[in-house]
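1. I'd like to go over a predicted model; first the sequence, then the structure.
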Amino acid sequence: GRVAGSMEVHDTVAVLDAGAQYGKLIDRVVRELNVKTELLPLTATPAEVLAAGYKAIIISGGPASVYAADAPKFDEGILKLGIPVLGICYGMQLMNKVFGGSVVQTSEREDGQHTITVEPASNLFAGLEPAQDVLLTHGDAVSEVADGFTVNSRHGTVITGMDNAEKKLYAVQFHPEVKLSTHGSEMFANFLFKVAGVSNKYSVDDREAICIKELHEQVGDKKVLVLVSGGVDSSVCAALLNKAFGAERVVAVHVDNGFMRKDESAIVMKSLERLGLPLKVIDASADFYAATTTIDRHADPDDPDAAQSPQLSACVEPEQKRRIIGDTFMRVAEKEIAKLGIKVEDVFLAQGTLRPDLIESASKLASANADAIKTHHNDTTLVRQLRATGRVVEPLKEYHKDEVRALGRSLGLAEDLVARQPFPGPGLAIRVMCAETPAFGDGFEHTNAMLRFLATGEVGVLQQEEIDRLTRAKEVHGCIAALGAFAATTLPVRTVGVQGDGRTYSYAVAVSCAAARPPWQALLDFAKLVPRLCHKVNRVVFAWGALAAGPIERITPTHLTLDVLDQLREADAVVNELLVKHDLVTKVAQVPVVSVPVDLDAAPGVVGDVTTNRSIVIRTFLTTDFMTGVPATPDKDVPEAVLDTMRERILAVDGITRVMYDLTAKPPGTTEWE
């Protein structure tokens, strides 16, 4: 056992980090079971683990292959200490490899919620039904379990779980730590209490008091500058700072970066008046439009020879856009400090950064091995430099979104502010997909060929092996027949996704149907299937309107210009107005509205020609942990009539010819498109 601050002995579980995007959720789920955890790097040694007296070990998932040359280093002795171990995804493959089993790359990726069959006789699944919905994310799989191990769950022919009950070694090829694994918490409880015999007497101290204590220790008698976007995270951060230090030591600044929602700045001012904090509002839109930054995140930003990005208003690379915006926030902040007569060395910058933000950015603060999915505006090069000098305070860095809402309520924030739809710091800038040329990279034409075969049976350039594989998929998955007459085509744009615990930058596919009413369940099932069959795809959308068979080979050149932003602002305002009107703001956790530089209805033209219209995507997202989630099912989670009204009103916005509905879960698609 380990000794807590109160000197009471608590059983402690070690979580070895192999780079999982959901690694922190393991810690959280175990903590919710009143068990103490400590996160360790995968490189921890057997001697260190023994000396610490851990009662159980959990090895997380990760983006690497166990056979890769750059696979994370791991001491096999960890698995031979006699301590109960639960391996998750990469952890399962690692365990199987160590004991002589085999791991192979599969022909189909598994990325999404699927129903597996478990063996209730296994201690891991005691008390559970044989059919379990879980989140699968992998490209490698165990093909043969090691000697002494028994298969305890499958997804079709794929082995999804194994155990050696005598050695108390258990492993699963899915993520029990996320909400998409509906009984994952019970599986953790079975491992911890039935297998490992861990006690559950650990209760987390009052986290608000801990935060305030840490703030006083870090800040001392200095002032704190907080950049308030008006969203939940920065507002709760400001409220916590106000309680910790009082308004006289908190400088609250709202920066209008030019990418706010319609009337957003006015709404922010009204909301923050409730906090009792004076708010300084800065119109920095011109600064942002013209901003650049150094492209190499490790470069010195003051080095004149460091490579510079284009101006933000001319930038098309998503990562560069995020980095420019994040770094410009920092420069604006320092300029405002100077205007206020506060010396830089006498002030700390406070941010409402959450744990998922840091994990997705692969910040060393959150995870040693996590693959970067995207750079968050509050975790950029300059912020990392400020953090390295101890001048950034992030009191919410151990919190997930729902925990932040609970903290906000305990601080007395109004419910309409605490429960409001999340809005990213970079704002609409990352909801405009900027492009100058179509994305015709690796796999574009081949993916289209596979989609045409699924829709029409056209063989085209496909090889017989692929035809056989796709034919089996059509026979096994009833969703394809249930779509009726349909078309599916690759869009010449790429979106950010998370697959197999790593980042992907892949194509979106648009599906359209001839049916008068969209067959929503078949569409949602098809959206799960396509990324499994087509490995260059991480997102699937439904396009209302006439069949769009493609190929779509032209785009509308798009940058962060005022006309493009205003177009999206109007569409976004329509969606949010109707969410409020129909009491859907809290029922649907997030609804990004995205501008895509594609006109599905443009007449066929010469490749290289450009179009002039765009499409709008409505991306509904149901989640509680904000790390994984699923799209809202029309007429179940969102009235179809509301979606019809959204579509009709968005089509009235000048220059918009199609509205599309994102059918993608996370994974494989991230919440935002960029």
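-> In hand now; what should we look at? Note that the coordinates shown come from a computational prediction; the quantities given were computed from them, not determined experimentally. Numbers count the residues shown, from 1 in each chain.
2. Every contact and neighbour count from this point should use C-alpha atoms.
-> Fine.
3. quick one, strands of the stretch 401-550 of the chain?
-> Applying DSSP state E, counting those that start in this stretch to the stretch 401-550 of the chain gives strands spanning 486-499, 502-513, 537-543.
4. Tabulate these (JSON lines), appending mean pLDDT.
-> What follows is the strands of the stretch 401-550 of the chain, written out as JSON lines (pLDDT from 0 to 100):
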{"stretch": "strand 486-499", "mean pLDDT": "93"}
{"stretch": "strand 502-513", "mean pLDDT": "92"}
{"stretch": "strand 537-543", "mean pLDDT": "97"}
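5. So which of these is nearest K73?
-> Among the strands of the stretch 401-550 of the chain, the nearest to K73 by CA to CA is strand 502-513 (17.7 Å).
6. what packs against that closest one?
-> Judged by 3 or more CA pairs under 8 Å, 6 or more residues apart in numbering; DSSP states H and E, the packing partners of strand 502-513 are strand 486-499, strand 537-543.
7. again, only this time at 10 Å
-> For strand 502-513, the packing partners by 3 or more CA pairs under 10 Å, 6 or more residues apart in numbering; DSSP states H and E come out as helix 444-456, strand 486-499, helix 520-533, strand 537-543, strand 656-662.
8. Would you tell me which of these gets closest to K167?
-> Nearest to K167 among the helices and strands packed on strand 502-513 is strand 486-499; the distance by CA to CA comes to 31.5 Å.
9. Run the chain-centre distance for the closest one.
-> 17 Å (CA atoms, centre = their mean, to the nearest Å).
10. still on that earlier bit, just name the most buried of the helices and strands packed on strand 502-513.
-> strand 537-543 (a mean of 27; mean count of other CA atoms under 10 Å).
11. Past that strand, which element shows up next along the chain?
-> Downstream of strand 537-543, the next assigned helix or strand under DSSP states H and E is helix 562-581.
12. so where's the longest helix in this structure?
-> With secondary structure taken from DSSP state H, the chain has its longest helix at helix 318-339.
13. tilt between that one and strand 486-499?
-> Counting by axes from the mean of the first three to the mean of the last three CA atoms, to 10 degrees, helix 318-339 points 50 degrees away from the direction of strand 486-499.
14. which other helices and strands contact helix 318-339?
-> By 3+ CA pairs under 10 Å, 6+ apart, helix 318-339 packs against strand 223-227, strand 250-256, strand 279-283, helix 285-289, strand 347-350, helix 381-388.
15. Run a quick check on I78 versus A44, I expect a contact.
-> Yes - look at I78 against A44 with CA atoms under 10 Å: they come within range, at 8.4 Å.
16. which of those two has more neighbours?
-> Per other CA atoms under 10 Å, whichever of I78 and A44 has more neighbours is I78, with 20 against 15.
17. can you give me the helices for the stretch 351-500 of the chain?
-> 355-360, 381-388, 401-410, 415-418, 444-456, 464-476, 479-482 (DSSP state H, counting those that start in this stretch).
18. Then the stretch 151-300 of the chain?
-> Using DSSP H, counting those that start in this stretch, helices in the stretch 151-300 of the chain cover 184-189, 207-219, 232-245, 264-273, 285-289.
19. Looking at these, which is nearest to Q464?
-> Here helix 184-189 is closest among those (CA to CA), at 39.8 Å.
20. What separation do you get for A665 and I26?
-> To I26, A665 is 20 Å away according to CA to CA, to the nearest Å.
21. residue ranges with poor pLDDT in the stretch 401-550 of the chain?
-> Across the stretch 401-550 of the chain, the ranges flagged by pLDDT under 70 are 501.
22. from the middle of its chain, how far away would the longest strand anywhere in the chain be?
-> Longest strand in the chain by number of residues, with DSSP state E as the criterion: strand 102-118. Centroid separation between strand 102-118 and its chain, computed with CA atoms, centre = their mean, is 20 Å.
23. what about it, average pLDDT?
-> Strand 102-118 carries an average pLDDT of 82.
24. Same question for stretch 176-189.
-> Average pLDDT, stretch 176-189: 94.
25. How far does that stretch stretch from one end to the other?
-> 11 Å.
26. thinking again about what came up before, between the helices of the stretch 351-500 of the chain, which gets nearest to A548?
-> Taking CA to CA as the criterion, helix 444-456 is the member of the helices of the stretch 351-500 of the chain that comes nearest to A548, at 11.5 Å.
27. just the angle between the closest one and helix 464-476, please?
-> Using the same axes, to 10 degrees: helix 444-456 against helix 464-476 is 40 degrees.
28. Next, the angle from helix 444-456 to strand 537-543.
-> Orientation note: helix 444-456 sits at an angle of 50 degrees relative to strand 537-543 (the same axes, to 10 degrees).
29. Which elements pack onto helix 444-456?
-> The helices and strands touching helix 444-456, judged by 3+ CA pairs under 10 Å, 6+ apart, are helix 464-476, helix 479-482, strand 486-499, strand 502-513, helix 520-533.
30. Since that was my last question, I'll sign off now.
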